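> here is my input, please return the structure:
(chains A and B)
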There are 2 protein chains.
Amino acid sequence: VHIWLNGQLLPTAAARLDAADRGLLLGDGLFETMRVVEGRPPLLSRHLTRLNEGARVLGLPVPAVDMEAVLRQLLTANGLRQAAVRLTLTRGPGPRGLLPPAELAPTLLITASPLPPAPEPIRAVVATVTRRNELSPLSRIKALGYLDQILALREAQARGAEEALMLNTAGRLACGTTANLFLVHDAALLTPPLEEGALPGITRALVLELAPGLGIAACETPLEPAMLAHAQEAFLTSSLRFLTPLASIEDRPLPAPGKLARAVTAALRRAASP
Amino acid sequence: VHIWLNGQLLPTAAARLDAADRGLLLGDGLFETMRVVEGRPPLLSRHLTRLNEGARVLGLPVPAVDMEAVLRQLLTANGLRQAAVRLTLTRGPGPRGLLPPAELAPTLLITASPLPPAPEPIRAVVATVTRRNELSPLSRIKALGYLDQILALREAQARGAEEALMLNTAGRLACGTTANLFLVHDAALLTPPLEEGALPGITRALVLELAPGLGIAACETPLEPAMLAHAQEAFLTSSLRFLTPLASIEDRPLPAPGKLARAVTAALRRAASP
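Model (predicted):
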């Protein structure tokens, strides 16, 4: 397996990360994960736009890299045509403490893994162990820190489910652990607004863009947990898995995939083909 | 400079961190920073207790290591008698996604730096850019993710201050960016309770323990930002810097160090000598 690190394509075992990297020591960085189909990342420009927006929030310079060329090299070196690619950007090594060095040397790490299989419907519970902080700008960028989500997922597993839905600090639904949430109510798609602590998911945005063309109403609206009891369908969206139907929420069974989930999945496949 | 990584004392340049380490990719880990005086870490056992408590929250096994012996080796190799030591514990390398591998190989990294000089009084502002999430258990353990604090500190610097005070999601005072907060009101020390989003600081605990012996009342109580306008003194506490007086908060000058800050500093020095 090869990875790309700061301008070099290297065997994983030869890649050395600095023990003083602020990504490791302070979570000071960002990432993107994207889907590669037939050797091409169809939504690359959307991912790079989001990475740049996150870097702007953090005051983090983005190294100038011909990403298409780097991805071609990396995929070829790993013999992958369908892949999950991850870009990780950190503020690089620094001295002790929160203040970065005057001369920044950001770390850019790019890895490729085989694409996970199309997702099966999964069971979800609502996490009780932690909350999503919609009052932090980090809820709207893809920052490295996923420990709240890891805690929520551990809780879900302990309760016999495969996914956790996360509430924000106001007690409303925000998202899954690595995915956005959609509920179907009265044949319309509802998803929490970004201000509620939802990451601006690229598949989430695609669903909102594509729905009108499918004759489906879709809107961003705050979601109280009580609405889960009345949802006709529910699904998660993410860049790697597109759409994952929820087969149950808190033991209440749901059609999975439901009629709208099927229609949206087909439209996403068309929109995100190379 | 030498560091200690997973059982080996290595020159920094020879230390290799796995690019798949979950500490880097997901912020999945913890740390401690502690003060070494005359070659000894006087509060080591308190730091290890806090590390173990954090590891319990995360479900993270702590490698069995004779920490006193490791610190002796590391300090000798670096020719340090007074030092800032950092232990970083992560869940180690893992495959893509939030789920850890079945066989965990945690990463334990220990570094030593020269002890920073005794702190000068600093100016603080109240961060507006982000909030501390007291509804997450991560606010009460020393998890790796410090990006909210980095954003708050960047804001403070942009506003001409050296430190940011952080509000919790309820809008009450929680802490500084890497320190606990104490206000003096009516000659008593007040600090936010842990439930308000304060890290259980080791120096914070010492101050609460030592105050009665100094004839000073000290209590944990929720602090509204409006109380800043009436504080007679204010200071921060942390393991490396003990007590840092605040010379101003939002441009309101304060005595720095004030009378109580002086008394507490002297008591901390006595309590935390080797």
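> enumerate the residues of the stretch 101-250 of chain A near chain B.
For the stretch 101-250 of chain A, the residues in contact with chain B (CB under 8 Å from any CB of the partner chain) are A:109, A:111, A:113, A:116, A:129-131, A:133, A:135-138, A:143-151, A:153-154, A:169, A:177-178. All C-beta spots, glycine's among them, are computed from the backbone N, C-alpha and C.
> restricted to helices, list these.
Within those, membership in helices is found for A:147-151, A:153-154, as judged by DSSP state H.
> out of those, which end up buried?
A:147-151, A:153-154 (16 or more other CB atoms under 10 Å in any protein chain shown).
> which one among those residues gets closest to residue B:47?
Here the nearest of those to residue B:47, counting by CB to CB, is residue A:147; it sits at 19.8 Å.
> and the pLDDT at that closest one?
On pLDDT, residue A:147 comes in at 98.
> show me what contacts it?
When contacts are counted by CB atoms under 8 Å, 6 or more residues apart in numbering or on different chains, residue A:147 is found next to B:26-28, B:58, B:138, B:143-145.
> likewise residue A:198?
The neighbourhood of residue A:198, defined by CB under 8 Å, 6+ apart, consists of A:139, A:174-175, A:180-181, A:191-192, A:204.
> run a quick neighbour tally on the residue of the stretch 101-250 of chain A found nearest chain B.
Going by CB to the nearest CB, chain B is nearest to residue A:145 of the stretch 101-250 of chain A, at 3.3 Å. The tally of other residues near residue A:145 (other CB atoms under 10 Å in any protein chain shown) stands at 22.
> got it, and residue A:158?
Residue neighbour count, defined by other CB under 10 Å, stands at 11 for residue A:158.
> and residue A:117, by the same measure?
The burial metric for residue A:117, expressed as a neighbour count using other CB under 10 Å, is 7.
> quick one: pLDDT of it?
What the model reports for residue A:117 is a pLDDT of 89.
> what's the first helix or strand after whichever helix in chain A runs longest?
As far as residue count goes, and with DSSP H defining each element, the longest helix of chain A is helix A:44-58. Beyond helix A:44-58 on the C-terminal side, the first helix or strand identified by DSSP states H and E is helix A:67-77.
> do that next one and chain B meet?
No. With CB under 8 Å from any CB as the criterion, chain B is not reached by helix A:67-77; the gap is at least 12.9 Å.
> buried residues, that helix. List them.
With burial defined by 16+ other CB under 10 Å, the residues of helix A:67-77 counted as buried are A:67, A:70-71, A:74-75, A:77.
> with stretch A:107-125 instead?
A:107-113, A:115, A:119, A:121-125.
> try stretch A:76-92
A:77-78, A:80, A:83-92.
> picking up where we left off before, and the longest helix of chain A, C-alpha only, in PDB?
C-alpha atoms of helix A:44-58 as PDB (Å, rounded to 0.1, in the frame of the first residue of the first chain):
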ATOM      1  CA  LEU A  44     -13.500  16.400  -6.300                       C
ATOM      2  CA  SER A  45     -14.200  20.100  -6.900                       C
ATOM      3  CA  ARG A  46     -16.900  20.200  -4.200                       C
ATOM      4  CA  HIS A  47     -14.600  18.500  -1.700                       C
ATOM      5  CA  LEU A  48     -11.800  20.900  -2.400                       C
ATOM      6  CA  THR A  49     -14.200  23.800  -2.000                       C
ATOM      7  CA  ARG A  50     -15.200  22.500   1.400                       C
ATOM      8  CA  LEU A  51     -11.600  21.900   2.400                       C
ATOM      9  CA  ASN A  52     -10.700  25.500   1.400                       C
ATOM     10  CA  GLU A  53     -13.600  26.800   3.400                       C
ATOM     11  CA  GLY A  54     -12.600  24.900   6.500                       C
ATOM     12  CA  ALA A  55      -9.000  26.000   6.000                       C
ATOM     13  CA  ARG A  56     -10.200  29.600   5.900                       C
ATOM     14  CA  VAL A  57     -12.000  29.100   9.200                       C
ATOM     15  CA  LEU A  58      -8.900  27.700  10.800                       C
END
